[in-house]
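3D, please:
(2 chains)
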Amino acid sequence: MTIKTSSLGGGGALPRLAPDLTFPSDKSGISVPALVVVPVTPGVLTTTLSLTGKFDVGLLTYGSLVAEAMTHKLTIDGVVIWNDVGSSNTSETLLDGNTYSEHIQCNSSLLLEINTLTDASVTLNYLARPIL
Amino acid sequence: MNVILDNGTHKIESAGTLKTTPETIRKITKRAFMRRFTQAERIAIRASVDDIVIDIHEDLKATNNVDLDLADTANALSYLVSAAILTSDRPDEILTDGTQEEV
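Numbers count the residues shown, from 1 in each chain, chains lettered A, B, ... in the order given. Below is the predicted model:
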């Protein structure tokens, strides 16, 4: 069960973006999707993305995966939302925010973790916008 | 953890590092990998009675994707050269970076 942004706010109020006054000269991953390359120790839960503060998250896609069973764990505001083993392909879309209803929000923290069988390196494409 | 953003109120961290250049694809599907061989090369691999070539082929059939950086992959291609199935320039061509269509 994910926390849909559109379900929050008690009246469907849209989240207010925090100022990002260096965009577009500094596209460091705030207003545009960013890609991180994460070394992973097989068998060990590894944090691929950690957010502290209030964020709107619109994209979570893994790439460069070995197709194998792996655990995806998502914790939002201290509550474990996903924690399951599934078979992944060479890429895996966990959250595709093509429509606004697919965005999720954290109020204080978000933790995305992965545990692989053999894969030692993954990439994560994400979009996390600071909101007020 | 590497800090990607910290503006005092919002913080983004990861065990990984932010990549600012286009992603290099080094893992491709088995089908994409096989399509990097010419038809004649594929036929020669399948027709080979060499135990090691047969083992390479069976190992490939059992996997879903191929890691182009794996030592086993390079070793397999080197053996195919020694078995006269590939010419010596082919391993470098076969191990070039993948494309989005190959993942």
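
Pull the contacting residues for residue 32.
If you meant another chain, say so; for now it's chain A. Applying Cβ atoms under 8 Å, 6 or more residues apart in numbering or on different chains to residue A:32 gives the contacts A:23, A:127. In this view, the C-beta of every residue, glycine as well, is placed from N, C-alpha and C.

try again with chain B
Residues near residue B:32 by Cβ under 8 Å, 6+ apart: B:66, B:98, B:101-103.

Show me which residues of stretch B:71-88 are buried.
Within stretch B:71-88, the residues scored as buried using 16 or more other Cβ atoms under 10 Å in any protein chain shown are B:73, B:76-77, B:79-80, B:85-86.

Taking these together, which two end up most distant?
B:73 and B:85 (15.1 Å; Cβ to Cβ).

hang on, the earlier thing: tabulate the buried residues of stretch B:71-88 in JSON lines, adding columns for secondary structure and distance to residue B:28.
Compiled in JSON lines, the buried residues of stretch B:71-88 are given as follows (DSSP: H, G, I helix; E, B strand; the rest coil; distance: Cβ to Cβ, whole Å):
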{"residue": "B:73", "secondary structure": "helix", "distance to residue B:28": "11"}
{"residue": "B:76", "secondary structure": "helix", "distance to residue B:28": "15"}
{"residue": "B:77", "secondary structure": "helix", "distance to residue B:28": "14"}
{"residue": "B:79", "secondary structure": "helix", "distance to residue B:28": "20"}
{"residue": "B:80", "secondary structure": "helix", "distance to residue B:28": "17"}
{"residue": "B:85", "secondary structure": "coil", "distance to residue B:28": "20"}
{"residue": "B:86", "secondary structure": "coil", "distance to residue B:28": "18"}
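
partners of the residue of chain A found nearest chain B in the sheet?
Residue of chain A nearest chain B, by Cβ to the nearest Cβ: residue A:38 (3.0 Å). Residue A:38 has these beta-bridge partners by DSSP bridges: residue A:122.

isn't it right up against residue A:121?
Yes. If you go by Cβ atoms under 8 Å, residue A:38 and residue A:121 touch, sitting 7.0 Å apart.

Of those two, give the one with the bigger neighbour count.
residue A:38 (21 against 17; other Cβ atoms under 10 Å in any protein chain shown).

residues touching that one, list them.
A:46, A:48, A:114, A:121-124, B:14-16.

likewise residue A:71?
Residue A:71 makes contacts with A:45, A:83-85, A:113-115, as judged by Cβ under 8 Å, 6+ apart.

Looking at neighbours, which among the residues you listed is most surrounded?
Ranked by neighbour count (other Cβ under 10 Å), the contacts of residue A:71 have residue A:114 at the top, with 25 neighbours.

State the helix or strand in which it lies.
strand A:109-115 (DSSP states H and E).

Need the residues that contact that strand.
Counting by Cβ under 8 Å, 6+ apart, A:38, A:40, A:43-53, A:55, A:57, A:60, A:62, A:70-78, A:94, A:104, A:122, A:124, A:126, A:128 sit against strand A:109-115.

Which among the residues you listed count as buried?
A:38, A:40, A:46-53, A:55, A:57, A:60, A:62, A:70-76, A:94, A:104, A:122, A:124, A:126, A:128.

What pLDDT is listed against the residue nearest the centre of chain B?
The residue lying closest to the centre of chain B (Cα atoms, centre = their mean) is residue B:68, at 2.4 Å. At residue B:68, the pLDDT value in this model is 92.

what about the residue nearest to it when sequence neighbours are not counted, how many residues close to it?
Excluding its sequence neighbours, the residue lying closest to residue B:68 (Cβ to Cβ, 6 or more residues apart in numbering or on different chains) is residue B:26, at 4.7 Å. Other residues lying near residue B:26 total 17 when counted by other Cβ under 10 Å.
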